[in-house]
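Chemist: Below are the sequence and a predicted model; questions follow.
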Amino acid sequence: MRPTGRLHLGHLVGALDNWVQMQDTHDCVFGIVDWHALTSEYQDVDKVNRNVTEIAIDWLAAGLDPSKSIIMIQSLVPQHAELHLLFSMIVPIPWLERVPTYKEQMQQLKEKDLSTYGFLGYPLLQAADILIYKADTVPVGEDQVSHIELCREVARRFNSFYGEVFPEPQAKLTRSPKLPGVDGRKMSKSYGNEIQLSEDPNSVRQKVMTMMTDPARKRRTDPGNPDVCPVFDLHKVFTEPAGQEWAALGCRTAGIGCIDCKKRLLEGLLPVIEPLHQKRVQLEKDPNTVKDILFEGSRRARERTEATMQEVRQAMKIKYD
Ligand code: SF4
């Protein structure tokens, strides 16, 4: 995950919840990829640095567990950079230029100069991040599938030149329910409409109570349509089925008001946010523990990746002793 900002509920239900579960079934490595953040945020290095700690705290509060998984900072594992460099020798530039997110992001982030090698090489660095652990599975959203496909092509090309070193990883598509922000658009830091994991429960309550609803439901006596209401999209994620039925029926028949509906949503949402927030506060008071976890995770990652790099160097005849 790139440390470009504080995490919000969308990250929790789109990624973190899945990762927490995968810790019990897989040998997992979770990386805060600060070099990746620099590919687009190279003019704001303070922000990237600050966000590394923020993200680590969010992860630990959400349930990532250093006794089950490796939790590391990419730049503390220089083997990633070495493998990226070696991959850059063998991967044709058009492979990178045709990755769909490359052109899309260039368009979307017009205010930034992204005509850099680092930005073009982003998916290649990502391939190094994955292949260096000989990963078999990568949990990703739909938009990242093309990156995993490139990663598989890189593995094939390397293996065909130098012998079998890398397995081809599979993308594991993660459940990512539609999660609107408080203004009804997709929850996103760039829209400023997010509910952050670091927010205290009072602020979450306030945001939900002022959240946008079905715009056609102007008065309490007007029936509404939950299918176009962002509050109802959150019910689908945080409210149990009986509560969802209650909200949908009450909305359509004007049997409930939007205030009742939002209060019911908070009954499901706050029990998720409150323990997370408490754990976050504890971790914020203890920055050394967070640092130790990241350093120890990065040390273990260096051990694992160095073993792969020895095979890579051997395969590429980069050995002079
Ligand atoms: S009652 Fe609930 S679902 Fe219906 S418009 Fe109001 S907030 Fe949305």
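Modeler: Structure's in. What do you need?
Chemist: how about the residues of the chain near the ligand?
Modeler: With C-beta under 6 Å from any ligand atom as the criterion, the chain meets the ligand at residues 213-214, 217, 224, 226, 229, 231-232, 247, 251, 256, 258, 261-262. C-beta: built from backbone N, CA, C; applies to glycine.
Chemist: try it again with 5 Å
Modeler: Residues of the chain lying close to the ligand (C-beta under 5 Å from any ligand atom) are Thr213, Asp214, Arg217, Gly224, Pro226, Cys229, Val231, Phe232, Cys251, Cys258, Cys261.
Chemist: Among those, which ones are in helices?
Modeler: Val231, Phe232, Cys251, Cys258, Cys261 (DSSP state H).
Chemist: Turn the residues you listed into a markdown table, including neighbour count and pLDDT.
Modeler: Putting those into a markdown table (neighbours: other C-beta atoms under 10 Å; pLDDT from 0 to 100) gives the following:
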| residue | neighbour count | pLDDT |
| --- | --- | --- |
| Val231 | 23 | 97 |
| Phe232 | 22 | 97 |
| Cys251 | 26 | 97 |
| Cys258 | 19 | 97 |
| Cys261 | 23 | 98 |
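Chemist: rewinding a little: which single one of the residues of the chain next to the ligand is nearest to Arg6?
Modeler: Val231 (22.8 Å; C-beta to C-beta).
Chemist: List the residues that contact the closest one.
Modeler: Applying C-beta atoms under 8 Å, 6 or more residues apart in numbering, we find Val231 in contact with Val208, Met211, Met212, Thr213, Cys258, Cys261, Lys262, Leu265.
Chemist: Now the fourth one: closest residue in space, sequence neighbours ignored.
Modeler: When you say that, I think you mean Thr213. Closest residue in space to Thr213, ignoring its immediate chain neighbours: Cys258 at 4.8 Å, by C-beta to C-beta, 6 or more residues apart in numbering.
Chemist: The chain: strands as residue ranges?
Modeler: Listed in chain order, the strands of the chain (DSSP state E) span residues 29-32, 70-73, 137-140, 170-173.
Chemist: need the ones you listed in CSV with mean pLDDT and mean neighbour count, can you?
Modeler: Shown next, in CSV, are the strands of the chain (pLDDT from 0 to 100; neighbours: other C-beta atoms under 10 Å):
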stretch, mean pLDDT, mean neighbour count
strand 29-32, 98, 23
strand 70-73, 98, 23
strand 137-140, 93, 18
strand 170-173, 92, 15
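Chemist: Distance of the residue in the stretch 51-200 of the chain that the ligand sits nearest to relative to Val231?
Modeler: Among all residues of the stretch 51-200 of the chain, Gly184 sits closest to the ligand, at 10.4 Å; criterion: C-beta to the nearest ligand atom. In this structure, Gly184 lies at 9 Å from Val231, with C-beta to C-beta, to the nearest Å as the measure.
Chemist: anything in contact with each of these two?
Modeler: With C-beta under 8 Å, 6+ apart, Gly184 and Val231 have common neighbours Met212.
Chemist: Let me have the strands of the chain in TSV, adding distance to Ile57 as columns.
Modeler: TSV is the format used below for those (distance: least, C-beta to C-beta, whole Å):
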stretch	distance to Ile57
strand 29-32	11
strand 70-73	11
strand 137-140	21
strand 170-173	26
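Chemist: So which of those strands is nearest Ile293?
Modeler: Where the strands of the chain are weighed against each other on C-beta to C-beta, the nearest is strand 70-73, at 6.1 Å.
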